[in-house]
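Engineer: okay, sequence plus prediction incoming.
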Amino acid sequence: MFSSSTLYKNQNYDLLKRNCLKDRSLFEDPEFPTTDKSLYFKKAPAGRVEWKRPGEISDEPHLFVEGISAHDLHQGSVGNCWFVAACSCLALKPQLWKKVIPDSDDQEWDHKRPEKYAGIFHFQFWIFGEWLDVVVDDRLPTTNGELLYCHSKPNNEFWSALLEKAYAKLSGCYESLEGGNTADAVVDFSGAVAESINLETEAYYEDKEKEDHLFEDLLKLKAYGPQ
């Protein structure tokens, strides 16, 4: 399922990070700047938006706090519950999230060696038959000092906000994430095929045979699906 990735916008994470460390600077992504066009194409978010780095939001930022969890994600002000649901699914599958969030140990903050931090991250998504490696800087939109969009329950955990930023960059802006489909995001996170089942319209509760068949399919998926 997994293969080598293509650089999105021809941005090489390792090279960009090395250059920042050499210059002792924090990365600023020219391909997804801290401007209104990265936030929206039609409707501006409410309130005054300030782009802040995690170190300006929390005293001790981390990519993960006590590991990755599917139960501590919050949607934020854009209607992308579908994306948050897909992130929760992703967090349950180590083989998948370690592909989508590559080199997570290397990308994690090292508070004992702050000079090794360059304010740059990268994530990988399956788009049109290939894995794309998407680079972002760590500047995140906030209002009143709090993250505007997707965020984790621990206020010093930033994997979900940074992952969402990479996905928004790929989509053009944050507003482009409004009203999507969870199955589409699952495909982008896995390279697999997703199937949506509407329990109400399919009326499984009215047909015992269909209900049993669905249960068998779910058991097979749990046993043999991506781990």
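Structural biologist: Here it is on my side, so go on.

Engineer: list the buried residues of the helix or strand harbouring residue 56.
Structural biologist: Per DSSP states H and E: residue 56 is located in helix 54-57. Within helix 54-57, the residues scored as buried using 16 or more other Cβ atoms under 10 Å are 54, 57. For every residue, glycine as well, the C-beta is placed using N, CA and C.

Engineer: what does the average pLDDT come to for the next helix or strand after that helix?
Structural biologist: With elements assigned by DSSP H and E, the helix or strand that comes after helix 54-57 is strand 73-74. The average pLDDT within strand 73-74 is 90.

Engineer: helices or strands up against the helix or strand harbouring residue 167?
Structural biologist: According to DSSP H and E, residue 167 maps onto helix 159-171. When contacts are defined as 3 or more Cβ pairs under 8 Å, 6 or more residues apart in numbering; DSSP states H and E, helix 159-171 packs onto helix 81-91, strand 120-127, strand 130-137, strand 140-143, strand 151-152.

Engineer: any idea how far that helix is from the chain center?
Structural biologist: Relative to its parent chain, helix 159-171 has a centroid offset of 5 Å by Cα atoms, centre = their mean, to the nearest Å.

Engineer: next: stretch 98-110.
Structural biologist: 13 Å.

Engineer: numbering from 811 from now on, please.
Structural biologist: All right, first residue 811 from here; so that's stretch 908-920.

Engineer: do me a favour and get the end-to-end distance for it?
Structural biologist: 19 Å (Cα to Cα, to the nearest Å).

Engineer: hmm, who's touching the worst-scoring helix or strand of the chain on mean pLDDT?
Structural biologist: Of all regular secondary-structure elements in the chain, judged by mean pLDDT, DSSP states H and E, the least confident is helix 1018-1034 with a mean of 85. Helix 1018-1034 is contacted from outside by 1007, 1012-1015, using Cβ atoms under 8 Å, 6 or more residues apart in numbering.

Engineer: hey, C-alpha coordinates of it in CSV?
Structural biologist: Presented in CSV, the C-alpha positions along helix 1018-1034 are these (Å, rounded to 0.1, in the frame of the first residue of the first chain):
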residue,chain,number,x,y,z
LYS,A,1018,-32.2,-9.5,10.0
GLU,A,1019,-30.3,-11.1,7.1
LYS,A,1020,-28.8,-7.7,6.0
GLU,A,1021,-28.0,-6.9,9.6
ASP,A,1022,-26.1,-10.1,10.1
HIS,A,1023,-24.2,-9.6,6.8
LEU,A,1024,-23.2,-6.1,7.8
PHE,A,1025,-22.0,-7.4,11.2
GLU,A,1026,-19.9,-10.1,9.4
ASP,A,1027,-18.4,-7.5,7.2
LEU,A,1028,-17.5,-5.3,10.2
LEU,A,1029,-15.8,-8.3,11.9
LYS,A,1030,-13.8,-9.0,8.8
LEU,A,1031,-12.7,-5.4,8.5
LYS,A,1032,-11.6,-5.3,12.1
ALA,A,1033,-9.7,-8.6,11.7
TYR,A,1034,-8.1,-8.0,8.3
